[in-house]
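Asker: For reference, the sequence and a predicted model appear below.
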Amino acid sequence: MSRSQKRIVVALLVGTVVSLLLFAGSSTSSSQTVRSPITRLEGTDKPNLEGVWQALNTANYNIEAHEWGASLATHPGAPGGSPVPAAAVLALGAIGGVPPGEGVVEGELPYQPWAVKQKQENLANALTRDPEVRCFLPGVPRATYMPYPFQIIQSVNKIMIVYGYSNAGRTIHLDSVEASGVESWMGHSVGKWEGDALVVDVTQLKEATWFDRAGNFHSDALHVVERYTPITPYHLMYEATIEDPKVFTRPWKMKMPLYRRMEETPRFMEYRCVETVEELLYGHLRKEQLVRRWEGDYGRRGGILILEVTRKPTARQDEP
Amino acid sequence: MCNRWFTRLVIPVGLLVGAPLSTLWSGTGVSAQRNAADRNRRDVPRTPWGVPDITGIWGLGYVFTPIERPDEFKGKEFLTDQEVRALEKAQRERGGDGTGGRARAQRGSVADVDGAYNQAFSQAGQHERVVRTKRTSLVIDPPDGRIPYTPEGRRRTRLAAFLGGDEDSEQQAGGVVTQRTTADGPEGRPADRCIGVVVPFVKRAGTFHRIVQSRHSVGIFMEDGLKGTAYRVIPLDSRPHLPSHMRLWLGDSVGRWEGDTLVVDTTNFTDKSMFMGASDKLHLVERFTREGPDLLMYRITLTDPVSYARPWTLELPMTLGDNKKNQIYEGACHEGNYSMATILGGARLLEREGAAFREKQRP
């Protein structure tokens, strides 16, 4: 071997040994899994979850596996036919349909027997009872998989999540704070790091929120433990363990990936649905009825569709 | 919840403006003007990435310093310590009996209970104090402490006062206007709609900011007992503002650190929020400077060629709240808004009863 050949061999050997050492180092540096190349919060060893994220699934329609549906509110179909959209949403056509999904729940939802009936009743009346229809705060975990992006702002001891829906958001406390002792729509969130996973314990949640548009519900005994695990710089694995001994027979879990929004300048954008639901919620109390009639001309296939709106007071007092 | 401020109205500033307190202002001028450009202070905590750490709960507290300088204090920018004590004592004496300075309602009546509730919430006359900078107004520029309205700005301010949409505009319009709202529909009652807080957020009593900051963005949760809450996200990059046809209650904010000051530039406001008469041409430049361990100086410069003859600046010294006690809350104003339905429903009931009465009176 010439001197230069020797040099190459030595260099290769050294290189191999160094890479082996590096590899060994990386596989032993974390106790259970090899650390993925995720970004760290500057000046700390914690993952940096900052950014705009979004779930890409149909869990907000139904957290359980579901086939496609005609609409969120249906009318019995003709004999032998599928249910058709109810009058309230008929004009929306395919836009008002329910897209199918594999669901995000592990196994079946372990409802207590009475709760199965309640869920069915919720589903049948979803259009008038789903808190989302009224632009109410969505609660946890529903806020995570609504069809809006959300932004994580990460400080050392506080993590703020601002959701694209309504005025929804929350602060996760990584330091010690006193709980208010008062239930709220978005609850009280206390976080800690377990390896690279952010584990958030959410308590003091109100009974009034639902898990989805399909009427899946809980009580005020709801306790949610969330895990946000970065799996790449662009993906978080989101898991939520749901405990509610008043409604379910055992704890259950949902799981879904969250995707980083990769636009050049992704941003949280204001969506104040409070204003948009005023006509629905207060229209019957206006001095002059505003929305009375809708007419749409669909051409030969469809003809003219006319929807008349009648508003009147109710005696029902059971809204949340 | 949404109506707890109804009977509170505009007592504190009314007192400061209206009370014959000129005698208290005869002391020598205060020259202890704070200098904001105090860079690289050592007593300011920093993030791991080096900028001042402004994460925390920040509140103006229960202050009764008016936005604009009252005539009594013309030419006087700051109060002496003695003057501050005298003013605060006068304020306590006026409001400390639970009546907010008015004759107390009959004991046990609904009005009495309402008054006590508002009293407890607003702390009117109890812990209210002069703003900690000891300024005579929150407006620090122009030097006369007055908002440089254009005629159109004044007109818009009066309109906002009529609709009850902005408490501070009410004061500008010259006092309490009762029956200023309509009950024809939700739009006639902006203060009851729970649309959410708007930017800039300059309510003075019982309102708080929670700031959480990361390297590339700052989040601010704003809590207001009256109009609910809002979350605001400020990206820290040089991105352009949204297209000008997009109009938002919060506007579109882009921020950057200039030395130790967070500077936020906001445009794209809606015409509807009418903060101090502002139009949708409003352009805000906000400056957040942590000037001490418990002091976040918040300065807002407002430019709006429609409503203001020149740019003007507000200064709000915000004090750090107790992190452990964590006393900032979810508003859920809309969720609990039973008031709108009862107000509108009550108005319809009165109309029906009135119609029935007139029917009976017919010969």
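Answerer: Here it is on my side, so go on.

Asker: of all of chain A, which residue lies closest to chain B?
Answerer: At 2.4 Å from chain B, A:G43 is the closest residue in chain A, using CB to the nearest CB. Using the backbone N, CA and C atoms, a C-beta is placed for each residue, glycine as well.

Asker: list the contacts for that residue?
Answerer: By CB atoms under 8 Å, 6 or more residues apart in numbering or on different chains, the contact set of A:G43 is B:T47, B:P48, B:W49.

Asker: looking at the residues you listed, which has the most residues close by?
Answerer: Highest neighbour count within those, by other CB atoms under 10 Å in any protein chain shown: B:T47, with 19 neighbours.

Asker: Look up how far B:L320 lies from that residue.
Answerer: Distance, B:T47 to B:L320, using CB to CB, to the nearest Å: 16 Å.

Asker: which non-adjacent residue is nearest B:P186?
Answerer: A:E278 (4.6 Å; CB to CB, 6 or more residues apart in numbering or on different chains).

Asker: So what does the one you found look like in phi/psi?
Answerer: phi -60, psi -40 (degrees, to the nearest 10).

Asker: Quick one: neighbours of it, just the number.
Answerer: A:E278: 21 neighbours (other CB under 10 Å).

Asker: Ok, A:L127 next?
Answerer: For A:L127, using other CB under 10 Å, the count is 15.

Asker: Also B:D71?
Answerer: B:D71, neighbours per other CB under 10 Å, totals 9.

Asker: And for A:P147?
Answerer: When neighbours are counted by other CB under 10 Å, A:P147 registers 14.

Asker: right, and the secondary structure at the nearest residue to it once chain neighbours are set aside would be what?
Answerer: Using CB to CB, 6+ apart and skipping residues adjacent in sequence, the residue nearest A:P147 is A:N60, 6.0 Å away. Here A:N60 is recorded as coil under DSSP: H, G, I helix; E, B strand; the rest coil.

Asker: residue boundaries of the strands in the stretch 101-250 of chain A?
Answerer: Assigned by DSSP state E, counting those that start in this stretch, the strands in the stretch 101-250 of chain A fall at A:150-154, A:158-163, A:169-173, A:188-194, A:197-203, A:223-232, A:235-243.

Asker: Of all those strands, which one is nearest B:D192?
Answerer: Closest to B:D192 of the strands of the stretch 101-250 of chain A is strand A:169-173 (CB to CB; 22.9 Å).

Asker: Just the CA trace of that closest one, in CSV.
Answerer: Extracted C-alpha coordinates of strand A:169-173, given in CSV (Å, rounded to 0.1, in the frame of the first residue of the first chain):
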residue,chain,number,x,y,z
GLY,A,169,-57.7,28.8,23.8
ARG,A,170,-56.0,27.7,27.0
THR,A,171,-52.8,28.0,28.9
ILE,A,172,-50.9,24.9,30.0
HIS,A,173,-49.1,25.4,33.2
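
Asker: and B:F288, what does it touch?
Answerer: Going by CB under 8 Å, 6+ apart, the list of residues near B:F288 reads B:I54, B:I211, B:T261, B:L262, B:V264, B:L296, B:M297, B:Y298.

Asker: which of those residues lies closest to A:N125?
Answerer: For the contacts of B:F288, the nearest to A:N125 is B:I211 (41.1 Å; CB to CB).

Asker: Now do the buried residues in stretch A:119-135.
Answerer: Of the residues in stretch A:119-135, A:K119, A:N122, A:L123, A:A126, A:R129, A:D130, A:P131, A:E132, A:V133, A:R134, A:C135 count as buried by neighbour count, 16 or more other CB atoms under 10 Å in any protein chain shown.

Asker: what about the residue nearest to A:P147, neighbour count?
Answerer: 24.

Asker: what is the mean pLDDT for stretch A:163-176?
Answerer: Mean pLDDT, stretch A:163-176: 96.

Asker: Same check on stretch B:94-107?
Answerer: Mean predicted confidence for stretch B:94-107 is 59.

Asker: first to last residue in that stretch, what's the distance?
Answerer: 19 Å (CA to CA, to the nearest Å).

Asker: just stretch B:250-265 next, same as before
Answerer: End to end - CA to CA - stretch B:250-265 spans 12 Å.

Asker: in that stretch, what's buried?
Answerer: B:L250, B:G251, B:D252, B:S253, B:V254, B:G255, B:D260, B:T261, B:L262, B:V263, B:V264, B:D265.

Asker: A:E264 versus the closest residue to A:H218 other than its chain neighbours, what's the distance?
Answerer: Spatially, and ignoring its direct neighbours in sequence, A:H218 is nearest to A:D244 (4.7 Å; CB to CB, 6+ apart). Distance of A:D244 to A:E264, given as CB to CB: 42 Å.

Asker: Surely the residue nearest to A:H218 touches A:V224?
Answerer: No - A:D244 lies out of contact with A:V224 (CB atoms under 8 Å); the separation is 9.1 Å.

Asker: which stretches of chain B have low pLDDT?
Answerer: In the predicted model of chain B, residues B:1-41, B:95-105, B:111, B:113-126, B:161-181, B:203-205, B:225-226 satisfy pLDDT under 70.
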